[in-house]
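> Here's a sequence, model it:
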Amino acid sequence: MQIRLRSSSLYGAALRGARSFIAPVMCAAVIVANVGEVAAQRRERDSELRIVPGTELAQVQPLPPVVAPPAPVAAPANPATVNPASSAPPTVPPTTTNSAPANTAPANTAPTNTAPANSAPPNNAVAQANQPNLVPRAGANNSRSFSLARVPNMIGDQTGGGGAQIQTTGLVPQSVSHPNLGNSRLNVAENNSPVIGDRCYFTYRHFESASSVDYLNGLPTGGAASQNIDRIMFGIERQLTDMSSLEFRLPFNAQLDSNLLFSQFAGPTTSTPYGATNFELGNINLIFKQALIDSDGFYLSGGVGLNIPTAPDVTVRTRVDDPAYRVFDSRRNPPAFLGTAAVNLDSTTVVRNQTVNLSPYFGGAFRPSERSFVQGFLQWDLPLNRSGVSLDETLIVNTLPAARQNFQGRLEQQILMRANVGVGHWWRYRERSRYFHSIATMFEAHYTTSLNDAQTTGPFTVATNLPAVFTQTTVGNIANRIDVVNLVAGVPVMVGATTFTNAFTVPVRGGLNRSFDFEYSLIIDRRF
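Next up is the predicted model:
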């Protein structure tokens, strides 16, 4: 009996505890359900937006909380007379409507997207998303109006940079025209376009007879030879902004060696570097380009190029040890034979590659028709500093005292101007093709001239007591001025985004105004 009473008391306590727990939970559930229903009704009312017709500003108002939709009110007769900038949107009681729903507005009263930003309500973005006239504006510089693909890059040429030589007269007459002295300056028009763009490229150029070596020049025992230049270049141009770009050029040259040795010993045994070639790094170039005028048919740009002296120095050594050396007076024409003498000569001439060149330029492109084009560059080449020149020489003739000299000098390059112009025509042109789709012919004329007189270094003279037995070395442009004219013909072929160009260049003038006999160019340019 006692156990039953305890069980009943425990059961009653448990029942009372359950009731006290379930009651609050049920109340909370009811409250949450009511809150959720209210929130859902509010979201439904907020999603039903109305646009006030007859104004340029979309006025968004919630629908009145009535069961039946209100009757539409006719739009004003003249919507243009409404001025939302001078009056705020009217506030009306929920039971009164002053506008029709958005889907019942007349066609001639559709809102426009010309409302000022400071007059739009906070939720105006939702209304604008439903308006067909509200189209996002594209950036002003998202695309260039001038068609880059319609104008291929200029082919260009590589002309002598002042005709610099290392020339020695007197006892051992000789002359060296090295590529690093006269063919290593920047030509902006070489494989370039006035139009900025993103590209990478590879070029191969062959210059026939572009450098020369003369030993015992003009003497019966002398000789001469010319060397070709084979140059490859890797380059890339990247846009910095929609209106500017930066180009990087890395050249390598297979050319006359930068360390040359002329030697003559008893016998006579002569060694001349006629065939001494080497594969060497050239001068690295940087080119900045800025667009100035960009229209549908004309494009003008300008910028500056930088020629960095990374090519090796030029060293020429002459070694003579001959007890029966034949001495000529090379000052006469023809040279007069004076007899034999015991000659011991050791001479080293070094021209250091230290000059940095700055090249401001302008470039323009013009399309007179859909398939023809004209383009060109006007460039100035300004040396910013001078290069060092040194001569160390020891000369002994017969039993005369030895003459030892050490000379130091500075070589200043000439200021150059380059004028380049080209015309072309597309015989076949198709856009948006993955394979061969376009072919053109191009003709170019390139003119390079020096704007000041040559500043030669020397002559450095080492002489003995005999008037005809001496050496005299001069470094620089012996001809003083240059005027180089080259003509170019090429055929660019487009395969997708890659252009393959084959071209030939021929010089018009001769002498020191003729940098090579001819030039062949292969250019592979890839746009991206």
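> for this structure, which spans come out with low pLDDT?
Residue ranges of the chain with pLDDT under 70: 1-149, 159-163, 267-269, 431-434, 465-468.
> can you give me the helices in it?
For the chain, helices defined by DSSP state H occupy the ranges 2-47, 124-129, 179-182.
> My guess is N153 contacts A503. True?
No. If you go by Cβ atoms under 8 Å, N153 and A503 don't touch, sitting 10.8 Å apart. Bear in mind the C-beta positions are built from the backbone N, C-alpha and C, glycine included.
> can you give me the strands in the stretch 351-500 of the chain?
With DSSP state E, counting those that start in this stretch as the criterion, the stretch 351-500 of the chain has strands at 357-366, 372-383, 387-397, 403-411, 416-428, 436-450, 457-463, 470-477, 483-495, 498-507.
> D214: which of those strands is closest?
strand 470-477 (13.8 Å; Cβ to Cβ).
> strands paired with that closest one, and their directions?
Using DSSP bridges, strand 470-477 pairs in its sheet with strand 164-170 (antiparallel), strand 457-463 (antiparallel).
> among the strands of the stretch 351-500 of the chain, which is the most enclosed?
strand 470-477 (a mean of 22; mean count of other Cβ atoms under 10 Å).
> okay, the angle between it and strand 436-450?
Counting by axes from the mean of the first three to the mean of the last three Cα atoms, to 10 degrees, strand 470-477 lies at 130 degrees to strand 436-450.
> Can you give the contact residues for strand 470-477?
Identification of contacts with strand 470-477 by Cβ atoms under 8 Å, 6 or more residues apart in numbering yields 162-172, 345, 347, 349, 351, 389, 391, 393, 395, 409, 411, 414, 450, 454-464, 512.
> Apply 7 Å and report the result again.
Applying Cβ atoms under 7 Å, 6 or more residues apart in numbering, the contact partners of strand 470-477 are 162-164, 166-172, 347, 349, 351, 389, 391, 393, 395, 411, 414, 454-464.
> now it against strand 387-397, angle please.
160 degrees.
> Strand 470-477 to strand 403-411, inter-axis angle?
10 degrees.
> Could you write out the alpha-carbon coordinates of strand 470-477 in CSV?
Extracted C-alpha coordinates of strand 470-477, given in CSV (Å, rounded to 0.1, in the frame of the first residue of the first chain):
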residue,chain,number,x,y,z
PHE,A,470,104.9,55.0,-87.5
THR,A,471,101.4,53.9,-86.7
GLN,A,472,98.4,56.2,-86.5
THR,A,473,95.0,54.9,-85.2
THR,A,474,91.6,56.7,-85.5
VAL,A,475,88.3,55.5,-84.2
GLY,A,476,85.0,56.9,-85.5
ASN,A,477,83.2,57.7,-88.8
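> Please export the C-alpha coordinates of stretch 491-504 as CSV.
C-alpha atoms of stretch 491-504 as CSV (Å, rounded to 0.1, in the frame of the first residue of the first chain):
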residue,chain,number,x,y,z
VAL,A,491,54.6,39.5,-98.0
PRO,A,492,52.7,39.1,-94.7
VAL,A,493,50.5,36.0,-94.4
MET,A,494,48.0,35.7,-91.5
VAL,A,495,47.2,32.3,-90.0
GLY,A,496,44.7,32.8,-87.1
ALA,A,497,46.3,35.3,-84.8
THR,A,498,49.9,34.7,-86.1
THR,A,499,51.5,36.7,-89.0
PHE,A,500,54.3,35.2,-91.0
THR,A,501,56.3,37.8,-93.0
ASN,A,502,59.0,37.3,-95.6
ALA,A,503,60.9,40.3,-96.9
PHE,A,504,63.9,41.5,-98.8
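> mind listing what's buried in the biggest strand by length in the chain?
In the chain, with assignment by DSSP state E, the single longest strand is strand 223-241. Neighbour-count burial for strand 223-241, counted by 16 or more other Cβ atoms under 10 Å, picks out S226, Q227, N228, I229, D230, R231, I232, M233, G235, E237.
> distance of S226 from D322?
From S226 across to D322, the span is 27 Å (Cβ to Cβ, to the nearest Å).
> Could you do T168 as well?
The gap separating T168 from D322 is 17 Å, by Cβ to Cβ.
> okay, the two: which has more neighbours?
Neighbour count, other Cβ atoms under 10 Å: between T168 and D322, T168 has more, with 28 against 19.
> Now do L246 against L306, distance only.
Using Cβ to Cβ, L246 is found at 11 Å from L306.
> Next, show the common contact partners of these two.
When contacts are counted by Cβ under 7 Å, 6+ apart, L246 and L306 have L286 as shared neighbours.
> burial of N285, as a residue count?
24.
> Give the bridge partners for it, please.
R249, N307.
> Enumerate every residue touching it.
By Cβ under 7 Å, 6+ apart, the residues touching N285 are L186, R249, G305, L306, N307.
> now with 6 Å?
For N285, the contacting residues are L186, R249, N307, by Cβ atoms under 6 Å, 6 or more residues apart in numbering.
> These, buried ones only, as a PyMOL selection?
Command for PyMOL that selects the buried part of the contacts of N285, burial taken from 16+ other Cβ under 10 Å:
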select buried, resi 186+249+307
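> Could you export the contacts of N285 to TSV, including columns for distance to T221?
Output for those, formatted as TSV (distance: Cβ to Cβ, whole Å):
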residue	distance to T221
L186	40
R249	43
N307	40
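> List just the nearest of the contacts of N285 to Y361.
The closest of these to Y361 turns out to be L186 (Cβ to Cβ; 9.6 Å).
> where does the closest one sit relative to R249, distance-wise?
The value you get for L186 to R249, if Cβ to Cβ is used, is 8 Å.
> One more: G376?
G376 is 20 Å from R249, by Cβ to Cβ.
> same thing with V195?
Taking Cβ to Cβ, one finds V195 at 18 Å from R249.
> What of R527?
Distance of R527 to R249, computed by Cβ to Cβ: 17 Å.
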